[in-house]
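1. how does the following fold in three dimensions:
(4 chains)
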Number of protein chains: 2
Amino acid sequence: MKSKRAAGDALSRDAVIERAMQLADAEGLDAVTIRRLGQEFGVTPMALYWHVKNKDELLDAMGDRLFAGLRYDTARDAPWDEQLRAVTHGLAEALRRHPACVDLAFRRVFYAPEGRAAAEHAFGVLRQAGFSSRQTADIATHALQTAIMLVRSEPGAEPGFTPEQVLERRTQKRAYLETLPAADYPYIRELADDLLDCDDTAAYYAFGIDVFVAGARSMLSPAAV
Amino acid sequence: MKSKRAAGDALSRDAVIERAMQLADAEGLDAVTIRRLGQEFGVTPMALYWHVKNKDELLDAMGDRLFAGLRYDTARDAPWDEQLRAVTHGLAEALRRHPACVDLAFRRVFYAPEGRAAAEHAFGVLRQAGFSSRQTADIATHALQTAIMLVRSEPGAEPGFTPEQVLERRTQKRAYLETLPAADYPYIRELADDLLDCDDTAAYYAFGIDVFVAGARSMLSPAAV
DNA sequence: ACCTGAACACCGTTCAAGT
DNA sequence: ACCTGAACACCGTTCAAGT
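-> Residues are numbered from 1 along each chain as shown, chains lettered A, B, ... in the order given. You can find the predicted model right below:
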């Protein structure tokens, strides 16, 4: 009944990666440390090297896991721009589950099976919509980057901080903006609330994705320039 | 005539920040270390603490400097979408000078004087174009994020790597993509070259900015959805 | 197969002390 | 005003050794 470990789980590659992501979400990516993970498992730091080649490989594996459960084919027979929206939305939803790890995603798309499948799908959609291969590559890359950047800067979501700290930082930022002379920065003062708050995160994501999809659409049929 | 220092410059806050950015550009942001900077100036690490509060403050100061020399009012009397393009382009051009530092920019816009001025200008342009304050905040934030993401993932620009290493990594990535079964990933294989290369960086930036501006334009007059 | 101990070369930072 | 020495609590990683 009594375990050898101070902290529950048995050590394994999967458990290490899993715990690393939890740790990142709770305390920020900087808290993810070989030595700290050792502690979490009640084991010496060196024990981890049996399950993971080194820290870089661990971070890569975390990046791969970001794509787990990625949904994008929710609109199989819809027009191309709806499908592009679905891929981008799916990416954002997937990445949003681990905001502190979002920067690990970009370099791993083609290595994570789900990322690869989503990319292949997006490429097909765009090519058949009539985009050149250059445009297809650019737009698909842009879709991933859009999802990443929406997650990274979702207002009020600062990974590694407690809710109180987040509130505290917002208060400080607001106070700072109010020190700016209204004569010089009327618009910044006027928009302070909109810059700091985001009561409706669903609308935030929808807006960002709409802008991107509309932009892509205009690349296909450049109406007015 | 003979200096006390092993390495040229006198120590000062400005010199430290300047050298830190050079170091980041040459060897990546991870190479920027209090101890390493001490070495560069021929001084003990602790000497730096006289000129800079701590490492966080140094990084903030580097972020501020990214906005130095920012140009955006190249189209004062142009229509709003031209002006939005000019701001975004100016941001990208400014950030591009220190690609390794680009992640420091976002949180510092309102603290760097040039960033603040650019934000104020962009807000005015968007408000007068008829956007709501919510939309204005979102679009302007998006403009900065677009610039950041274009710089961050300019293909072939991997800060902290020598040209040979960049080439080497690209070769490896290409080799990897070619291991993927063509039956499962026909589009990835077809687009491999476009994903890896970017012979025309001017076109890369122009395309990214065009997509963004067109997207913003469609938010003002939602023609077809 | 899986984990530990000891060691190495690094970090950021503080604090009392020197000039 | 500006810098140093010594010290502390951290990093990632290697390698021989234990079970």
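
2. next secondary structure element downstream of the worst-scoring helix or strand of chain A on mean pLDDT?
-> None of the helices or strands of chain A scores lower by mean pLDDT, DSSP states H and E than helix A:163-179, at a mean of 90. Downstream of helix A:163-179, the first helix or strand assigned by DSSP states H and E is helix A:186-196.

3. and that following helix, what's its mean pLDDT?
-> For helix A:186-196, mean pLDDT rounds to 95.

4. which outside residues touch that helix?
-> A:155-156, A:170, A:173-174, A:177-178, A:180, A:182, B:110, B:116, B:119-120, B:123-124, B:127, B:133-134, B:136-138, B:141 (C-beta atoms under 8 Å, 6 or more residues apart in numbering or on different chains). The C-beta positions use only the backbone N, C-alpha and C, and glycine is treated the same way.

5. all strands of chain A, in order?
-> Per DSSP state E, chain A carries no strands over any range.

6. helices of chain A, start to end?
-> A:13-27, A:34-41, A:55-65, A:80-95, A:113-129, A:133-152, A:163-179, A:186-196, A:201-220 (DSSP state H).

7. tell me what the last one is packed against?
-> Put plainly, it is helix A:201-220. On a contact count with 3 or more C-beta pairs under 8 Å, 6 or more residues apart in numbering or on different chains; DSSP states H and E, helix A:201-220 meets helix A:80-95, helix A:133-152, helix B:133-152, helix B:201-220.

8. now with 6 Å, please.
-> helix A:80-95, helix A:133-152, helix B:201-220 (3 or more C-beta pairs under 6 Å, 6 or more residues apart in numbering or on different chains; DSSP states H and E).

9. mind giving me the ChimeraX select for the contacts of helix A:186-196, buried ones only?
-> Selection of buried members from the contacts of helix A:186-196 for ChimeraX, criterion 16 or more other C-beta atoms under 10 Å in any protein chain shown:
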select /A:155,173,177,180 /B:110,116,119,120,123,124,127,133,134,136,137,138,141
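
10. rewinding a little: mind checking if the least confident helix or strand of chain A is in reach of chain B?
-> No - judged by C-beta under 6 Å from any C-beta of the partner chain, helix A:163-179 and chain B are separated, with a smallest distance of 6.7 Å.

11. show me what counts as buried in that helix.
-> A:Lys173, A:Leu177.

12. just want the angle from that helix to helix B:113-129.
-> Counting by axes from the mean of the first three to the mean of the last three C-alpha atoms, to 10 degrees, helix A:163-179 lies at 80 degrees to helix B:113-129.

13. on contacts alone, who are the packing partners of helix A:163-179?
-> By 3+ C-beta pairs under 6 Å, 6+ apart, helix A:163-179 packs against helix A:186-196.

14. CA atoms of the helix it packs on as PDB?
-> What follows is helix A:186-196, C-alpha atoms only, in PDB (Å, rounded to 0.1, in the frame of the first residue of the first chain):
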ATOM      1  CA  PRO A 186      -6.300  61.000 -25.600                       C
ATOM      2  CA  TYR A 187      -7.000  57.800 -27.500                       C
ATOM      3  CA  ILE A 188      -4.900  55.600 -25.200                       C
ATOM      4  CA  ARG A 189      -6.800  57.000 -22.200                       C
ATOM      5  CA  GLU A 190     -10.100  56.500 -24.000                       C
ATOM      6  CA  LEU A 191      -9.300  52.900 -24.900                       C
ATOM      7  CA  ALA A 192      -7.600  51.900 -21.600                       C
ATOM      8  CA  ASP A 193     -10.500  49.700 -20.500                       C
ATOM      9  CA  ASP A 194     -10.800  47.900 -23.900                       C
ATOM     10  CA  LEU A 195      -7.100  47.300 -23.900                       C
ATOM     11  CA  LEU A 196      -7.000  45.700 -20.400                       C
END
